[in-house]
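K.L.:
Provided below for reference: sequence and predicted model.
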Amino acid sequence: MNRVVWIVLLPMLVCIPWVHAEEEEEEEAVELVFSAAEREELGIEVAAVSERTLFPEVNAPGEVVLNAYATSQIASRIEAQVVARHARMGETVETGAPLVTLSSVDVADAVGDLLVNDREWQRVKNLGRDVVSESRYVEAEVARQRAYAKALAYGIPRQELERLIKNGDVSEATGEYTLYAPQSGVVISDAFILGEVVEPGRLLMELSDLDTLWVEARVDPELAASIAVDDSVRVSADDRSWLNGTVVQRSPRLNEATRTLNIRIEVQDSAFLRPGQFVNIAVRTGAGRPSTAVPDTAIMLIQGTPMVFKLEGNEFEPQPVETGLKADGYTAINAGL
């Protein structure tokens, strides 16, 4: 089967499709001759070799994860039944937006107790300390406070309790209550169905601000010693398109499984990155070095030897080279050019 290989040529660097012949013809010499018109038709890119300032880099694998500091989990604090869904996975919601409505007998009892205790407290407070005993006054006040705290602990939003207290209608203590978004963001998950009875602590929804993601990189401890918080980082999922990021944290201990050190990188406006995606990172770790450099794609390994292709007239000749520092998509050429 034919195979297309991209080759870059020198002194004008050129990317050309090189089609191998069938195996029985591979031993025959193949002349790579293309006129200027043919190179243009093939989309061959030509560039002169130049000097660039390359910065030493530490390269390591990483994984895109949610920014935990910009993520919220929505869960039921008690056993409850799901009665309504107000947002779906993939939707963007604002702070305070309704997410899910639940129903619970325990909530109905808690709200009912609160309304009764609030009514009694208002009566005692209106009578005043001159009419009721001190113990009765304190008892009514504390009972109301405890009922209010219990309802809050069940997960009923404060604004919902204030509305019920203002109306003062015990018949509204149906046990239904709504959970609201504590932050703006995208609904990452909504793993529940209407009518389902959920246990305490069950994760119902997860929200996250995807404008800022983290990359968790696993770096050899010796290399990690040269990486500091606030260092600039390049992040790529395909080694062609790169995003800029910043080191925000270094783990104080080694990963027990990989014996590597976790480096946390923050990436802004990461439109083409997704949580769970594997990426490569490159961190600058030293001063720049002026070097004769060519794009990484300009170098091919032929029988284990790095080669570039030199353009002589219209013919391309392989040129063995000695490579050096690799950074920013370029490779330094120490000898051969």
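P.N.:
Thanks, I have the structure now.

K.L.:
going forward, measure contacts between C-alpha atoms and count neighbours the same way
P.N.:
Will do.

K.L.:
pull the helix or strand containing Val64 out as CSV, backbone CA atoms only.
P.N.:
For Val64, the element it lies in under DSSP states H and E is strand 57-65. Extracted C-alpha coordinates of strand 57-65, given in CSV (Å, rounded to 0.1, in the frame of the first residue of the first chain):
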residue,chain,number,x,y,z
GLU,A,57,11.7,23.4,27.8
VAL,A,58,10.5,20.6,30.0
ASN,A,59,8.0,18.4,28.1
ALA,A,60,5.5,16.2,29.9
PRO,A,61,2.1,14.5,29.4
GLY,A,62,-1.0,16.0,31.1
GLU,A,63,-4.7,15.7,31.4
VAL,A,64,-7.3,18.4,31.1
VAL,A,65,-9.6,18.5,34.2
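
K.L.:
what does that strand contact?
P.N.:
The contact list for strand 57-65, computed with CA atoms under 8 Å, 6 or more residues apart in numbering, reads 213-219, 223, 273-286, 326-327.

K.L.:
buried only: go through those residues for me.
P.N.:
213-219, 273, 278-285, 326-327 (16 or more other CA atoms under 10 Å).

K.L.:
in strands, which of the residues you listed appear?
P.N.:
213-219, 278-284, 326-327 (DSSP state E).

K.L.:
from these, which two are the most distant?
P.N.:
Within those, Leu213 and Lys326 form the most distant pair, 26.7 Å apart (CA to CA).

K.L.:
got any ranges where the stretch 51-200 of the chain has weak pLDDT?
P.N.:
For the stretch 51-200 of the chain, the stretches with pLDDT under 70 are 55.

K.L.:
in it, which spans are strands?
P.N.:
57-65, 71-75, 80-85, 92-93, 98-103, 176-180, 185-189, 197-198 (DSSP state E, counting those that start in this stretch).

K.L.:
parallel or antiparallel, which strands does the strand holding Val64 pair with?
P.N.:
In the sheet, strand 57-65 lines up against strand 212-219 (antiparallel), strand 278-284 (antiparallel) (DSSP bridges).

K.L.:
Asp239 is nearest to which of those strands?
P.N.:
strand 278-284 (7.3 Å).

K.L.:
what does the closest one contact?
P.N.:
Residues outside strand 278-284 that contact it (CA under 8 Å, 6+ apart) are 55-64, 217, 227, 231-239.

K.L.:
quick one: buried residues of the next helix or strand after it?
P.N.:
Using DSSP H and E, the helix or strand that follows strand 278-284 in sequence is strand 289-295. Under the neighbour-count criterion of 16+ other CA under 10 Å, strand 289-295 has Ser291, Thr292, Ala293, Val294, Pro295 buried.

K.L.:
burial count for Gln249?
P.N.:
For Gln249, the count of nearby residues is 15 (other CA atoms under 10 Å).

K.L.:
just the pLDDT for it.
P.N.:
Note on Gln249: pLDDT of 92.

K.L.:
let me see the contact set for it.
P.N.:
Taking CA under 8 Å, 6+ apart, one finds Val229, Ile263, Arg264, Ile265 in contact with Gln249.

K.L.:
dump the residues you listed to a markdown table, plus pLDDT and secondary structure.
P.N.:
Listed next are the contacts of Gln249 as a markdown table, based on pLDDT from 0 to 100; DSSP: H, G, I helix; E, B strand; the rest coil:
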| residue | pLDDT | secondary structure |
| --- | --- | --- |
| Val229 | 89 | coil |
| Ile263 | 91 | strand |
| Arg264 | 95 | strand |
| Ile265 | 94 | strand |
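
K.L.:
quick one: which of those residues is most hemmed in?
P.N.:
Highest neighbour count within these: Ile265, with 28 neighbours (other CA under 10 Å).

K.L.:
Tyr177 and Ala151, how far apart?
P.N.:
For Tyr177, the distance to Ala151 equals 11 Å [CA to CA, to the nearest Å].

K.L.:
how far does stretch 177-189 stretch from start to finish?
P.N.:
Span of stretch 177-189 from end to end, CA to CA: 21 Å.

K.L.:
quick one: distance of it to the chain centre.
P.N.:
Chain-centre distance of stretch 177-189: 18 Å, with CA atoms, centre = their mean, to the nearest Å.

K.L.:
stretch 297-311 too?
P.N.:
How far stretch 297-311 lies from its chain's middle: 37 Å, per CA atoms, centre = their mean.

K.L.:
in it, what's buried?
P.N.:
Across stretch 297-311, burial judged by 16+ other CA under 10 Å covers Thr297, Ala298, Ile299, Met300, Pro306, Met307, Val308, Phe309, Lys310, Leu311.

K.L.:
bridged to the residue nearest the centre of the chain, which residues?
P.N.:
Centroid-nearest residue in the chain: Leu213, 3.3 Å away (criterion: CA atoms, centre = their mean). With DSSP bridges as the criterion, Leu213 is bridged to Val267.

K.L.:
any idea of the pLDDT on it?
P.N.:
94.

K.L.:
ok, it - contacts?
P.N.:
If you count contacts by CA under 8 Å, 6+ apart, then Leu213 has Val64, Val65, Leu66, Asn67, Glu266, Val267, Gln268, Ser270, Pro275 around it.

K.L.:
what is the nearest of these to Glu206?
P.N.:
Leu66 (10.6 Å).

K.L.:
alright, that wraps it up for me.
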